[in-house]
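> structure for this input, please:
(chains A, B, C and D)
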There are 2 protein chains.
Amino acid sequence: MTTTSMKDVARAAGVSVGTVSNVLNRPEAVAEETRSRVQAAIAELGYVRNDSARQLRAGRSRTVAVVVLDVANPFFTDVVRGAEPLIESAGGVVTVCDSGEDVRRERRHLEILEEQRVLGLLITPVDDTSASWIERLSGHDIPLVLVDRGAGRHPHCSVAVDDVHGGRLAAGHLADRGHARIAFVGGPASIPQVADRLQGCRDVCDERGIALEVFTTAGLNFAAGREAVEQMLGLDERPTAMFCANDLVALGALQALTMHGVKVPQECAIIGYDDIDFAAAAAVPLSSIRQPRSQLGRTAAQLLFDEIGEGEGHTHRNVVFQPELVARASTSREL
Amino acid sequence: MTTTSMKDVARAAGVSVGTVSNVLNRPEAVAEETRSRVQAAIAELGYVRNDSARQLRAGRSRTVAVVVLDVANPFFTDVVRGAEPLIESAGGVVTVCDSGEDVRRERRHLEILEEQRVLGLLITPVDDTSASWIERLSGHDIPLVLVDRGAGRHPHCSVAVDDVHGGRLAAGHLADRGHARIAFVGGPASIPQVADRLQGCRDVCDERGIALEVFTTAGLNFAAGREAVEQMLGLDERPTAMFCANDLVALGALQALTMHGVKVPQECAIIGYDDIDFAAAAAVPLSSIRQPRSQLGRTAAQLLFDEIGEGEGHTHRNVVFQPELVARASTSREL
DNA sequence: ACACATTTTTGAATCGATTCATGAAGGGAT
DNA sequence: ATCCCTTCATGAATCGATTCAAAAATGTGT
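Below you'll find the predicted structure:
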């Protein structure tokens, strides 16, 4: 009905559809006079290309999907922001899919993305169950890059951050401040990132003779931090510092400590992980471990396009970044 | 090449393409025996429907786009979460586009969405400049619902929250606590939401004889709150309470006050707006005005599908929700 | 005026799924 | 055996843009 197609434009401009297509895709191959006549017709009719038809012909869409665990988590929004410029400058369109850490949602998204014949995808898989689906996409020639999950044995490109090193940085910082008894708060242990951070922390404690108290939580959110503090305050020998597996946990802990009148950092220091904006803005600015979030996204996009460009002869690459320490008020006092 | 089409499946199952299509779309119209033979072939070949071809034929995609000002803002992520279930249960696919409060980015998204022939969209326009583009989409028969922007004179469905009332709630609460001199912090004034909240606040102050000090900021973020506090502390007659136009501003203010040793709420109370998760989790839990965010999203989706369903005879609806007060520690002390 | 090179334009074939008028097959009733 | 009614299956036409071999138009040199 109201939909104007190339045929209408062609008729209005008195040319063939092939010419209209050329005006749109290779304007330099069309004579000046004809080109402007066609463009006038396009403007006149308010013609808009039909992407479905283009895609059908092309066999692929120009969409790059980013499948994340939680769009509300500042970590992921920054990863996406990092990836966008490169994708868009390559003529791609970014679509963000939120799996919400739910395998079923993730699967639904992957099914749809496959039907849409996406150009490629950047994905942080929910867990190992996701692997078979990912292989399926990959088998159907959809290139993908794993984000923040070591590729491990899987044959894919990946970008990740060295979480063991991050754990070492945090614990090392607390040790430098003179703390001899510290707490690690985070969980569940099945999350690779949590396990790695704890590992690095443990290594440092062993090396430097520091007592480590581990509080395993059910999630990585405010409540987890609050609950851990309740437990910790009941101990006889209370740790003088806490290392929380992410900033949300740390902020929860900070709140609980403040409510109990425990001064931060004087009576208990805190360091978090991720360095989200809210960390710097907390009532007591929070020390944290910063991950190169947008670089993670940018590199992931880069690897994806490399793979698309190189085709068959492509060799997968696994890039690992190093996190860095950001010291703020919450760990500022020497003991 | 590796792409398997319906033709391949038809050949493998020894039926016509029409039958394969029926198995997929109206299985009840195909004989049991044939159906299972076709399904076996589909599984065998790993066939995946080509969405571009379906869309081309259908003339529309099944994507509903949500265009927001900032994906990193918890307000919008909640709105999206509210809209998703309804859209998905109607067989739709949700795509989130981030305009980043940038008209150019918004325009690029709208162009692409138009080419994609999206089913409809929910949009919070960047500003009045967006109007012409929105009318263009609308003119091309793409139904849309305005989110958190009163439809005003524009002929569209919309969902919004009564910000004037929200401003009244906040100021009224501070008045009830006995404050006789309060500060409003927020900006820029061109944002309708900010203007409305200030309006409500001003009304209450006038009615109840409260002195109002307005600090206009350049944005609605942490820095804005911090800067406002710096200014405020220099005043001779310092307000005893602050009403911040959103929670990010309030958290920035809270941080600055704490750094200057001003006790909250004893020496200065604070109330924010939006009631994001970080508000409840702040070192001093923040009082705030809660908007029914997910309901906003859900209703928007509902209005969109109503419009799609009713077609020509559709009458636009403008739904306005009332916000509610959430009192927490940051305003807990009577003066 | 003619042969030849170059620049433009043409239009039919193609991508893959859906739709629908048409036909085939099977079952009952007479 | 014939006719009618269901139930299933068929395959050509269609959606709209792109591509490319071939035709047409234009220009150049002699």
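> so A:A65 sits in a strand?
Yes: looking at A:A65 with DSSP: H, G, I helix; E, B strand; the rest coil, it is inside a strand.
> mind listing the helices for the stretch 151-300 of chain A?
A:163-176, A:192-208, A:222-233, A:247-259, A:277-280, A:293-310 (DSSP state H, counting those that start in this stretch).
> just the pLDDT for A:A151.
Note on A:A151: pLDDT of 60.
> the one 5 residues further on too?
Listed pLDDT for A:H156 reads 92.
> apart from its neighbours in sequence, what residue is nearest the one residue in the stretch 151-300 of chain A that gets nearest to chain B?
Chain B sits closest to A:A283 of the stretch 151-300 of chain A, with a gap of 3.3 Å, by Cβ to the nearest Cβ. The way it works is simple: take the backbone N, C-alpha and C, and place the C-beta from them, glycine included. Once flanking residues are discounted, A:A283 sits nearest to B:A283: 3.3 Å by Cβ to Cβ, 6 or more residues apart in numbering or on different chains.
> just give me the neighbour total for that neighbour.
B:A283 has 23 neighbouring residues, counting by other Cβ atoms under 10 Å in any protein chain shown.
> and the next helix or strand past the helix or strand that A:V319 is a member of?
Using DSSP states H and E, A:V319 falls within strand A:318-321. Sequence order places strand A:324-326 as the next helix or strand after strand A:318-321, per DSSP H and E.
> pretty sure A:A10 is touching A:N22, no?
No: between A:A10 and A:N22 there is no contact under Cβ atoms under 8 Å: 11.1 Å.
> would you mind naming what in the stretch 51-200 of chain A lies close to DNA strand C?
Taking Cβ under 7 Å from any atom of the strand as the criterion, the neighbours of DNA strand C within the stretch 51-200 of chain A are A:A53, A:L56, A:R57, A:G59.
> and of these, the nearest to B:R208?
A:A53 (63.2 Å; Cβ to Cβ).
> pLDDT below threshold where in the stretch 151-300 of chain A?
A:151-153 (pLDDT under 70).
> run a quick neighbour tally on whichever residue of the stretch 151-300 of chain A sits closest to DNA strand C.
Closest to DNA strand C within the stretch 151-300 of chain A is A:H156: 25.2 Å, counting by Cβ to the nearest atom of the strand. Neighbours of A:H156 under the rule other Cβ under 10 Å: 20.
> next up, the contacts around it.
A:I134, A:S138, A:L144, A:V145, A:L146, A:H316 (Cβ atoms under 8 Å, 6 or more residues apart in numbering or on different chains).
> what of A:I182?
Counting by Cβ under 8 Å, 6+ apart, A:I182 has contacts A:171, A:174, A:201, A:205, A:210-213, A:239-243.
> those residues: which two are farthest apart?
Top of the distance list for these (Cβ to Cβ): A:C201 and A:T240, 15.0 Å.
> who has more neighbours, these two?
Legend: neighbour count by other Cβ under 10 Å for A:C201 and A:T240, higher for A:C201 (28 against 19).
> OK, contacts around that one?
Per Cβ under 8 Å, 6+ apart, neighbours of A:C201: A:G167, A:R168, A:A170, A:A171, A:I182, A:F184, A:L212, A:F243.
> top of those residues by neighbour count?
A:F243 (34 neighbours).
> look up which residues are beta-bridged to it.
Note on A:F243: beta-bridge partners A:F184, A:I271, judged by DSSP bridges.
> so it sits right up against A:G172, yeah?
No: in this structure A:F243 lies outside contact range of A:G172 using Cβ under 8 Å: 10.4 Å.
> quick revisit: what's the most buried one of the helices of the stretch 151-300 of chain A?
helix A:247-259 (a mean of 25; mean count of other Cβ atoms under 10 Å in any protein chain shown).
> tell me the angle that one makes with helix B:247-259.
Calculated by axes from the mean of the first three to the mean of the last three Cα atoms, to 10 degrees, helix A:247-259 forms an angle of 50 degrees with helix B:247-259.
> tell me which other helices or strands helix A:247-259 touches.
strand A:181-186, helix A:222-233, strand A:241-244, strand A:269-271, helix A:277-280 (3 or more Cβ pairs under 8 Å, 6 or more residues apart in numbering or on different chains; DSSP states H and E).
> show me what the shortest one is packed up against.
Think strand A:269-271. By 3+ Cβ pairs under 8 Å, 6+ apart, strand A:269-271 packs against helix A:163-176, strand A:241-244, helix A:247-259.
> in TSV: these, plus distance to DNA strand D.
Output for the helices and strands packed on strand A:269-271, formatted as TSV (distance: least, Cβ to the nearest atom of the strand, whole Å):
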stretch	distance to DNA strand D
helix A:163-176	44
strand A:241-244	51
helix A:247-259	45
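> which one of those lies nearest to A:V229?
helix A:247-259 (3.7 Å).
> out of the contacts of A:H156, which sit inside helices?
The members of the contacts of A:H156 that map onto helices under DSSP state H are A:I134, A:S138.
> now which of the contacts of A:H156 would you call buried?
A:I134, A:L144, A:V145, A:L146 (16 or more other Cβ atoms under 10 Å in any protein chain shown).
> what strand or helix carries whatever residue of chain A ends up closest to DNA strand C?
Proximity of chain A to DNA strand C (Cβ to the nearest atom of the strand) peaks at A:G18, 2.5 Å away. In the assignment (DSSP H and E), A:G18 maps to helix A:17-25.
> and A:S61, by the same measure?
Judged by DSSP H and E, A:S61 forms part of no helix or strand.
> excluding chain neighbours, give the residue nearest to it in space.
A:Q55 (4.8 Å).
> thinking again about what came up before, show me the one of the helices of the stretch 151-300 of chain A that comes nearest A:T129.
Of all the helices of the stretch 151-300 of chain A, helix A:192-208 sits nearest to A:T129, with 14.2 Å by Cβ to Cβ.
> off-centre distance for the closest one?
23 Å (Cα atoms, centre = their mean, to the nearest Å).
> same check on stretch A:243-256?
21 Å.
> mind exporting that stretch as CSV, just the C-alpha atoms?
This file holds the C-alpha atoms of stretch A:243-256, laid out as CSV (Å, rounded to 0.1, in the frame of the first residue of the first chain):
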residue,chain,number,x,y,z
PHE,A,243,38.3,-7.4,49.6
CYS,A,244,35.0,-7.7,47.8
ALA,A,245,34.6,-9.6,44.5
ASN,A,246,32.8,-6.7,42.9
ASP,A,247,31.8,-3.1,43.6
LEU,A,248,28.2,-3.9,44.3
VAL,A,249,29.2,-6.2,47.1
ALA,A,250,31.6,-3.6,48.4
LEU,A,251,29.0,-0.9,48.5
GLY,A,252,26.7,-3.2,50.4
ALA,A,253,29.4,-3.9,52.9
LEU,A,254,30.2,-0.2,53.2
GLN,A,255,26.6,0.6,53.9
ALA,A,256,26.4,-2.1,56.6
